[in-house]
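> coords please:
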Amino acid sequence: MDWDTKFATIVDETESTLMRIRESIEFGRSLKLPDSINEAKSKTITTSYGNKNIDLFRDFENDRRSASRQDIPALISLMQDRIDTQNKTIDHLSKNLLKLEEDRDTQQRQMRNFREELSIVRERLSERGVDLQTEHKFEQWKRELASQIQMLQGRMSLMSHSTNDSPLSSSIHRDFIDLKRHVNDELRSLRNEIDTLKARLSACEVHVGDAFTDKRFADRSLDRLERKVENGNMPKICTDDMERCKDKPRVHFALDSDEEETRF
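Got it, this is the predicted structure:
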């Protein structure tokens, strides 16, 4: 049962209560004595003091009207208590609905921000290439996150259709709180991993730039040495050093503690 249906049910119950009270009041006002009693009212009692019209049922009518008037405040009080209870129920349900909507919006914003950050990291990794193990780890995170999102949406749907504060709804609410805490922990962990990957990418860029700079410097030095040798201005020992320099392995650097290397 959704919120509109529950609110309509409460309004219908209130109107039904008012109708019953109104009918009870009208019935008390329109109540008439039986014909036999009316006939008896018109009879004359003969006494030694003469003929007098005595209303035999005056006390009965007064008692009946007094009882009817005494019932009206009790009915009104009962109706007011029921209306107050229904208003409190409506306020409680409205607050729960607003809280659920706020939690849903917060989760959606967090998921959207995480997807944007993940997309940026994937673009950077696709430019430089990505390790197979890291790619598998990201795919596993993606599947786990999708499963958590689906479970969270199911729990929120159940809570939005809950009609009372039953033990089941309380259990669902506790599970929802635990799930939200778990999702927040996962998001913090993923953000830390993303920050670590960003730092590693920045370090890689610095190492690559330094390696290119060293290579260009070495190439220029070799070119100068070759020109000097060609011009005959280079002693024999320098020529031997240049040959040994050519035979040295090319520049390489370590990306991280896993001993991944990029060679030039």
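> quick one: the strands in the chain?
45-47, 50-52, 252-254, 261-263 (DSSP state E).
> quick one: mean pLDDT over the second one.
Think strand 50-52. For strand 50-52, the per-residue pLDDT values average out at 41.
> distance of Glu226 relative to Val183?
Relative to Val183, Glu226 is positioned 63 Å away (criterion: CB to CB, to the nearest Å). All C-beta spots, glycine's among them, are computed from the backbone N, C-alpha and C.
> how about Gln110: what's its closest non-neighbour residue?
Nearest non-adjacent residue to Gln110, counting by CB to CB, 6 or more residues apart in numbering: Leu187, 5.9 Å away.
> neighbour count winner among Glu226 and Val183?
Between Glu226 and Val183, counting by other CB atoms under 10 Å, Val183 is the more crowded of the two (19 against 14).
> so that one sits against Gln107, correct?
Yes: contact criterion CB atoms under 8 Å: Val183 and Gln107 qualify, at 7.1 Å.
> okay, now Met156: neighbour count?
19.
> actually Ile21, not the one I wrote
So Ile21, with other CB under 10 Å, has 16 neighbours.
> with Gln107 instead?
Gln107: 19 surrounding residues under other CB under 10 Å.
> and it, how far is that from Ser147?
Taking CB to CB, one finds Gln107 at 15 Å from Ser147.
> same question for Arg20.
52 Å.
> how about Met111?
13 Å.
> between the two, which is the more surrounded one?
Met111 (16 against 10).
> the more buried one against Gln150, yeah?
No: using CB under 8 Å, Met111 is not in contact with Gln150, being 11.9 Å away.
> can you pull the buried residues of stretch 141-158?
145, 148, 152, 155-156 (16 or more other CB atoms under 10 Å).
> so what touches that stretch?
With CB atoms under 8 Å, 6 or more residues apart in numbering as the contact definition, stretch 141-158 has outside contacts at 100, 103-104, 107, 111, 114, 172, 175-176, 179-180, 182-183, 186, 190.
> which of those residues sits closest to Thr213?
Closest approach between the contacts of stretch 141-158 and Thr213, by CB to CB: Leu190, at 34.8 Å.
> surely the closest one is in contact with Asn113?
No: in this structure Leu190 lies outside contact range of Asn113 using CB under 8 Å: 10.8 Å.
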